[in-house]
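Peer 1: Take a look and give me a structure for this.
(2 chains)
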Amino acid sequence: MDYTKLSLTQVADLLNEGKVTSVKLTKQCLDKIDSQSDLNAFNTVFYEEALKQAQKVDDMRKKGEKLPYLAGVPISIKDNINIKGYTTTCSSKFLKNYVSPYNATLIEKLLSQEVVVLGKNNMDEFAMGSSTENSAFATTKNPHNKEYVPGGSSGGSAASVASFQGFASIGTDTGGSVRQPASLCGVVGLKPTYGTVSRYGIVAFASSLDQAGPLTRTVKDSAVMYSAIAGHDDKDATTVKFDMPDYVKNLKDNVKGLRVGVIKEFFDLGMDEQVAKNIKDAIKLLKDNGAHIVDISMPNIKESLSCYYIISSAEAASNLARFDGVKYGVRGTGYDNLVDLYYKSRTQGFGSEVKRRIMLGNYVLSSGYFDAYYKKAKAVQQLISQQFEQSFKDCDVIISPTSPTPAFKIGEKIGNSLTMYLSDIYTVPVNIASLPAISIPYGKSDLGLPIGLQFIGAKFSEQTLFDVANWVEQNSKEVNA
Amino acid sequence: MITTKDIEHIANLSRLEFTASEIESFKVEMNSIVEHMEDLNKVDTSKVDTVYHSVSAKEGLRQDEPRPFFTPQQAVQNAPDKKGGEFVVPQVLD
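Peer 2: Numbers count the residues shown, from 1 in each chain, chains lettered A, B, ... in the order given. This is a model prediction of the structure:
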């Protein structure tokens, strides 16, 4: 039997019931990875280590040891999250040989659950991009049509889950990098409330926006994976202590009385016709089943994009200053002195999108421009957050498309950065306001490319997001057939 | 309008080297991005704070106790040039 097409919770149940071994599941996943290696979803595959861990779990289970729920489940990890003893390349030439001396906190948590890690997923270099075309190694392909992008920056994660190369992946989302590839590849992607998942051990892009989140094939799987990685961490001072309920147990089976907000300004921001039709269908589905649709106005929502690019580039320029060719990574060649070493290492090591963001970041932070750009962006960020807070007084959840379009062709947008940046228009406001949001597959375009639906919630409202997303998933099977 | 000189200055701040033609295309690109960002100037932010905290709760500090971390050898294990537990770089002081 081909177990790879089952959901994470289905295989976890089978493992716990002794109906399948972890070695069998792992072997099937590794075979799927190999037979689809042209998708370029992985930078590194842990063939030996994965099977070793799977065998260890099977042995423990045979001995009758009590194991965590996720024990033996094969998953993958985006290549900007550190796993001790393995490379963390961030899909950059700079770090292609960097072997991590430590585990990220979320990895410690997953390892304590005895999961099987299949390998590290390809991504846009240093998480900067919306198509995985900025990977220094290879472009990941969309499993639904290999001429199309999988989205980014967690494109490898999304493609691997969508093509059954594992039961979940952990990606990172700074401006939509979990949700947008999830949308383009037809899987579920969660960006948690800022502060609920530790960033310790994740290579920083924009520290006030980054959050790790799961990519899975079902909403229940997403809830299980989120519970496994979330929690306060004293190694990350930006994490918070919060109550974590049993999200799956608490899932509601209806949407009666749920107040669903629709941001009217979103419809004027380049929404593709088919995407617009899909979201209107979804709104009708919810309304027909007892939800109350509420019109919301967020007058400054479109400024989120500029706000995001100023803040994230500024933070990225600061965070990437550590890559100097001294402590780790490749050292440039042809240098005359120490400062020249920095120039050569960074010029030779970084790809063009990374350089672009560093330049933009240093520009907005530089003297003479700081007030006009950075300070202004921080004030607009405050305004947008306040507008969201105000909106959540009138609704429980906001619905929107995840991406204005389905997947685009490889090479189509890479030549024009502004066009590429515009594909983040529905996702970046969420990071700007530190809110949680989930993307679920909802229909396909005429070309058979997945379209994603996004639900945005108030801070710490993951249960509401799982409730509505799960309900829509369970009640729209024909849409996704 | 970002000038060539501006790009050269930012490149120095960024410790990045570009060819003359790369500088020119950067100039065009950044001008169009920055033009887009000018839309922020139309937003009335007179009533908001410029300080934004994503996380409002103060979780407290941990005890000021040393904890095991990397050994010097582990810390330099990925360095392109190292000696003992130290990084090796070109001479800085005469």
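
Peer 1: And the strands in the chain?
Peer 2: This is for chain A. A:42-45, A:74-78, A:116-121, A:168-173, A:188-191, A:211-216, A:259-263, A:292-296, A:397-401, A:437-444, A:450-456 (DSSP state E).

Peer 1: try chain B instead
Peer 2: Using DSSP E, the strands of chain B run over residues B:82-83, B:86-87.

Peer 1: gap between A:Lys249 and B:Phe87?
Peer 2: Here A:Lys249 is placed at a distance of 51 Å from B:Phe87 (C-beta to C-beta, to the nearest Å). C-betas here are computed from N, CA, C, even on glycine.

Peer 1: So between the two, which is more surrounded?
Peer 2: B:Phe87 (14 against 7; other C-beta atoms under 10 Å in any protein chain shown).

Peer 1: tell me the pLDDT at the more buried one?
Peer 2: For B:Phe87, the pLDDT comes out at 94.

Peer 1: Compute the distance between it and A:Ala204, please.
Peer 2: 21 Å.

Peer 1: what do you get for A:Thr193?
Peer 2: In this view, A:Thr193 and A:Ala204 are 18 Å apart by C-beta to C-beta.

Peer 1: between those two, which one's more packed in?
Peer 2: Neighbour totals were compared for A:Thr193 and A:Ala204, and A:Thr193 leads with 24 against 18 (other C-beta under 10 Å).

Peer 1: follow-up on the earlier one: of the strands of chain A, which stretch is the most buried?
Peer 2: strand A:188-191 (a mean of 33; mean count of other C-beta atoms under 10 Å in any protein chain shown).

Peer 1: Give me the distance from that strand to the chain's centre.
Peer 2: The chain centroid and the centroid of strand A:188-191 are separated by 6 Å under C-alpha atoms, centre = their mean, to the nearest Å.

Peer 1: How about stretch A:223-233?
Peer 2: 14 Å.

Peer 1: Now do the buried residues in it.
Peer 2: Residues of stretch A:223-233 classed as buried: A:Ala223, A:Val224, A:Met225, A:Tyr226, A:Ser227, A:Ala228, A:Ile229, A:Ala230, A:Gly231, A:Asp233 (neighbour count, 16 or more other C-beta atoms under 10 Å in any protein chain shown).

Peer 1: Of these, which are in range of chain B?
Peer 2: The subset of those lying close to chain B, counting by C-beta under 8 Å from any C-beta of the partner chain, is empty.

Peer 1: Closest one of these to chain B?
Peer 2: Among the buried residues of stretch A:223-233, A:Asp233 lies closest to chain B (C-beta to the nearest C-beta), at 9.8 Å.

Peer 1: who are the neighbours in contact with the closest one?
Peer 2: Counting by C-beta atoms under 8 Å, 6 or more residues apart in numbering or on different chains, A:Asp233 makes contact with A:Thr105, A:Ser198, A:Tyr200, A:Thr239.

Peer 1: now, which of those residues lie close to chain B?
Peer 2: Subset of these in contact with chain B: A:Thr239, counting by C-beta under 8 Å from any C-beta.

Peer 1: Closest to A:Ala321 out of the contacts of A:Asp233?
Peer 2: Taking C-beta to C-beta as the measure, A:Ala321 sits nearest to A:Tyr200 out of the contacts of A:Asp233, at 19.3 Å.

Peer 1: Name the nearest residue to the most far-flung residue of chain A relative to its centre, ignoring sequence neighbours.
Peer 2: Within chain A, A:Asp336 marks the point farthest from the mean C-alpha position, 40.9 Å out by C-alpha atoms, centre = their mean. Using C-beta to C-beta, 6 or more residues apart in numbering or on different chains and skipping residues adjacent in sequence, the residue nearest A:Asp336 is B:Pro90, 7.9 Å away.

Peer 1: thinking that neighbour is in contact with A:Val339, fair?
Peer 2: No. Look at B:Pro90 against A:Val339 with C-beta atoms under 8 Å: they stay out of range, at 9.1 Å.

Peer 1: Go ahead and flag the most central residue of chain B.
Peer 2: Nearest residue to the geometric centre of chain B (C-alpha atoms, centre = their mean): B:Ser14, 7.6 Å.

Peer 1: what's the distance between that one and A:Met128?
Peer 2: Separation of B:Ser14 from A:Met128 (C-beta to C-beta): 14 Å.

Peer 1: try A:Gly334
Peer 2: For A:Gly334, the distance to A:Met128 - C-beta to C-beta - is 26 Å.

Peer 1: what about chain B, any weak spots by pLDDT?
Peer 2: For chain B, the stretches with pLDDT under 70 are B:50-52, B:54-59.

Peer 1: OK, contacts around A:Lys459?
Peer 2: A:Lys459 makes contact with A:Thr193, A:Tyr194, A:Ser434, A:Leu435, A:Pro436, according to C-beta under 8 Å, 6+ apart.

Peer 1: Is the third one in contact with A:Pro192, as I believe?
Peer 2: So that's A:Ser434. No. A:Ser434 lies out of contact with A:Pro192 (C-beta under 8 Å); the separation is 10.1 Å.

Peer 1: Of the two, which one has the most company?
Peer 2: Relative neighbour count places A:Pro192 above the other of A:Ser434 and A:Pro192, with 25 against 22, counting by other C-beta under 10 Å.

Peer 1: Surely that one touches A:Gln211?
Peer 2: Yes. A:Pro192 is in contact with A:Gln211 according to C-beta under 8 Å; the separation is 5.4 Å.

Peer 1: re the thing from before, pick out whichever of the contacts of A:Asp233 sits closest to A:Gln348.
Peer 2: A:Tyr200 (29.3 Å).

Peer 1: Let me know whether the closest one touches A:Asp234 as I believe.
Peer 2: No. Under the criterion of C-beta under 8 Å, A:Tyr200 makes no contact with A:Asp234, lying 9.2 Å away.

Peer 1: between these two, which one's more packed in?
Peer 2: A:Tyr200 (20 against 14).

Peer 1: what's near enough to touch the more buried one?
Peer 2: A:Ala104, A:Thr105, A:Asp233, A:Lys235, A:Asp236.

Peer 1: could I get the strands of chain A as CSV with mean pLDDT?
Peer 2: Compiled in CSV, the strands of chain A are given as follows (pLDDT from 0 to 100):
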stretch, mean pLDDT
strand A:42-45, 98
strand A:74-78, 98
strand A:116-121, 98
strand A:168-173, 98
strand A:188-191, 98
strand A:211-216, 98
strand A:259-263, 97
strand A:292-296, 97
strand A:397-401, 97
strand A:437-444, 97
strand A:450-456, 97
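
Peer 1: Before I go, just wanted to say thanks for your time.
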